[in-house]
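[1] Structure of the sequence below:
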Amino acid sequence: MATLWKRIRNYLTIHFLPYVGFIIIKFLGWTMRFEQKGEVEAASRFDKEGRPALGVFWHGHMLMMVMSPFRENAFVMVSRHRDGELISRIIRLFGVRSFRGSTTRGGFSALKEGLRILKRGYKVVLTPDGPRGPRYTVQMGVIEMARLSGAPVVPIAFSSTKKKVFSSWDRFIFPYPFSKGVFYYGTPLWVPRDISRDEREVWRRRLEKQMRQITEKVERYCETGQWEEA
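    This is a model prediction of the structure:
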């Protein structure tokens with residue numbers, strides 16, 4: 001009986017929950033107002049010029065990322081866990097393609113697939129602290145993909161004026177209907193190909209620092225309504 005219930009639960013999770021997730025995100029998208037800040041022109045330039053780019057955002061910011069224009073011409077890296085399959089099916093309903101792997105587990109095969117996608121001129125989008133953290137920590141796999149591909153890394157942060165922040169490891173953000181959602185695009189980073197391991201760590205820290213800075217900036221803006229350009 002327990003085995004049968006497990007099979008039913010797994011079936012519902014994979015075949016029913018994606019539609020629930022799609023409806024929830026779609027409803028939020030209909031009711032919310034969205035704003036783009038930061039290096040918006042730089043982030044959109046790659047689509048205009050048909051050039052590849054590597055978009056990165058924190059795991060806890062993922063829910064509304066399908067509403068960002070950066071999703072166009074992009075493949076999203078999702079984990080090999082069961083929740084990764086659920087995410088893959090949800091974003092597919094939005095017309096967004098995915099491939100499996102992470103910056104840690106299944107990293108080598110994901111790296112090869114990411115490089116292949118970037119070589120074809122598409123964007124690759126991933127969570128550098130996913131799928132299990134530590135929170136707000138960039139994994140080295142992102143730097144390797146950027147270094148080997150020559151594609152720039154575009155840091156992205158998201159927040160909203162009214163939201164629920166869960167107590168999960170990633171501090172998952174669930175925006176409330178009729179709130180304002182804000183996407184912030186950081187300065188693109190080009191990681192040199194011929195650098196030492198120590199230099200790769202310098203670039204990893206540089207990306208992590210910028211992502212934490214833009215996260216703090218967008219959170220402050222959503223809380224106060226005041227934008228700090230400096």
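
[2] in the protein, which helix has the most residues?
    Across the chain, the longest stretch assigned as helix under DSSP state H is helix 197-224.

[3] From the chain's centroid, how far away is that helix?
    Mean-position distance between helix 197-224 and its chain equals 14 Å (CA atoms, centre = their mean, to the nearest Å).

[4] ditto for stretch 26-45
    Distance, centroid of stretch 26-45 to centroid of chain: 14 Å (CA atoms, centre = their mean).

[5] Show me the contact partners of that stretch.
    Contact partners of stretch 26-45, identified using CB atoms under 8 Å, 6 or more residues apart in numbering, comprise 51, 53, 55, 64, 67, 69-70, 154, 156, 160, 175, 177-188, 214, 218, 221, 227. Where you see a C-beta, it was placed from the backbone N, CA and C, and this is true even at glycine.

[6] So which elements touch the longest strand along the chain?
    If you go by DSSP state E, the chain has its longest strand at strand 153-160. Using 3 or more CB pairs under 8 Å, 6 or more residues apart in numbering; DSSP states H and E, the elements in contact with strand 153-160 are helix 40-49, strand 54-56, strand 173-175, strand 180-185, helix 197-224.

[7] Recalculate using a threshold of 6 Å.
    On a contact count with 3 or more CB pairs under 6 Å, 6 or more residues apart in numbering; DSSP states H and E, strand 153-160 meets strand 54-56, strand 180-185, helix 197-224.

[8] Just say which of those is most tucked in.
    For the helices and strands packed on strand 153-160, the largest average neighbour count (mean count of other CB atoms under 10 Å) is found in strand 54-56, namely a mean of 26.

[9] Next, the angle strand 153-160 makes with the longest helix of the chain.
    Put simply, helix 197-224 runs at 20 degrees to strand 153-160, going by axes from the mean of the first three to the mean of the last three CA atoms, to 10 degrees.

[10] and G130, what does it touch?
    H59 (CB atoms under 6 Å, 6 or more residues apart in numbering).

[11] Tell me the pLDDT of it.
    For G130, the model assigns a pLDDT of 79.

[12] Using the three-state scheme, assign F108.
    Here F108 is helix, with the state taken from DSSP: H, G, I helix; E, B strand; the rest coil.

[13] Can you get me a residue count around it?
    Neighbourhood size, F108 [other CB atoms under 10 Å]: 10.

[14] so where's the protein uncertain?
    1-2, 4-6, 8-9, 11-12, 102-107, 228-230 (pLDDT under 70).

[15] So for it, the centremost residue is which one?
    Nearest residue to the geometric centre of the chain (CA atoms, centre = their mean): F57, 3.9 Å.

[16] on that earlier part again, right, and the helices and strands packed on strand 153-160 - which one's nearest G150?
    With CB to CB as the measure, strand 54-56 is the member of the helices and strands packed on strand 153-160 nearest G150 (10.1 Å).

[17] ok, so what distance separates R205 from W227?
    26 Å (CB to CB, to the nearest Å).

[18] what do you get for M140?
    To W227, M140 is 33 Å away according to CB to CB.

[19] Other residues contacting the longest strand of the chain?
    By CB under 6 Å, 6+ apart, the residues outside strand 153-160 that reach it are 43, 53-57, 61, 64, 146, 175, 179, 181-186, 188-189, 210-211, 214-215, 218-219, 222.

[20] how many other residues sit next to the closest residue to P152 other than its chain neighbours?
    If the residues on either side of it in the chain are set aside, P152 comes closest to P188, at 4.0 Å by CB to CB, 6 or more residues apart in numbering. Number of residues near P188 (other CB under 10 Å) recorded here: 18.
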